[in-house]
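Novice: okay, structure incoming, though there's no sequence with it:
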DNA sequence: ATGGCCAATATGATTGGA
């Protein structure tokens, strides 16, 4: 079973690219971020006609996450625990039944947090603390769990072509990386790092300054696996070639293949 | 010179992204 995540930077602008990539990779489950539309404007029909079930947690203009699944959803729940005042659409959780048990998948869009001297950064850090609490609870279920999305976190120097350029950035500051490590230390496994020791494993290249041409990338889109999922991992990878397509997102898809049987 | 872009919005300038 292939499960993927992709920050598409507007689902409407990216529909042709998304359909081309789905035909190429044929994932069973897809987590989308930055759909940048309300639920009613999501191009649901385009995905349903390919056999996907669709779940959307959108909002006007910014943010917005979604899930596509060839298997039906048992349950879908928008929103991250821990702040009932938070109205930003950044989190969507689903449970899906398999032949033997379930798989639980989250599509998440962690706040950017820049500039780091503002309340945007404190919101990011609080959001990470909430994600930690959520994960600690869900791990108690001892199920295959995948936390997939745009984390806006560069975990290590090796995850940036030019780490020195990011030292004052909300994606890389010590409190950000400390929280990402704390999350992993609950027992979650970074699928890409578990699958490959290659250098240059990036998932984002800025539109500006010729970043793609210079391979000036960062790895900020992650799939974290519970032990029950990691034990079933076959492979994981990053579809960097998609960044070279016409009218690309600034992020590319990240995927994992798990030995989990459909019903 | 440390910049160069892209998407959405009661839109032609501003905001947000990373």
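Specialist: Cool, got the structure. As the structure is a prediction and not an experimental result, all values here were calculated from the model.
Novice: so where does the residue of the stretch 101-250 of chain A found nearest DNA strand B fall, helix or strand?
Specialist: Closest contact between the stretch 101-250 of chain A and DNA strand B, by C-beta to the nearest atom of the strand, is at residue A:209 (2.7 Å). Any C-beta I mention is one placed from the backbone N, CA and C, and that applies to glycine too. Here residue A:209, judged by DSSP states H and E, is contained in no helix and no strand.
Novice: what lines up beside the helix or strand where residue A:30 lies in the sheet?
Specialist: Residue A:30 belongs to strand A:29-33 when assigned by DSSP H and E. Sheet pairing of strand A:29-33 (DSSP bridges) gives strand A:2-7 (parallel), strand A:65-69 (antiparallel).
Novice: mind listing what the residue of the stretch 101-250 of chain A closest to DNA strand B touches?
Specialist: Residue A:209 makes contact with residue A:216 under the criterion C-beta atoms under 8 Å, 6 or more residues apart in numbering.
Novice: re the thing from before, save the strands paired with strand A:29-33 as JSON lines, and put in mean pLDDT and distance to DNA strand B too.
Specialist: Output for the strands paired with strand A:29-33, formatted as JSON lines (pLDDT from 0 to 100; distance: least, C-beta to the nearest atom of the strand, whole Å):
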{"stretch": "strand A:2-7", "mean pLDDT": "98", "distance to DNA strand B": "6"}
{"stretch": "strand A:65-69", "mean pLDDT": "98", "distance to DNA strand B": "12"}
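Novice: could you dump the ones you listed into JSON lines and include mean neighbour count?
Specialist: Compiled in JSON lines, the strands paired with strand A:29-33 are given as follows (neighbours: other C-beta atoms under 10 Å):
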{"stretch": "strand A:2-7", "mean neighbour count": "26"}
{"stretch": "strand A:65-69", "mean neighbour count": "25"}
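Novice: who's residue A:31 bridged to?
Specialist: Assessed by DSSP bridges, residue A:31 has beta-bridge partners residue A:5, residue A:67.
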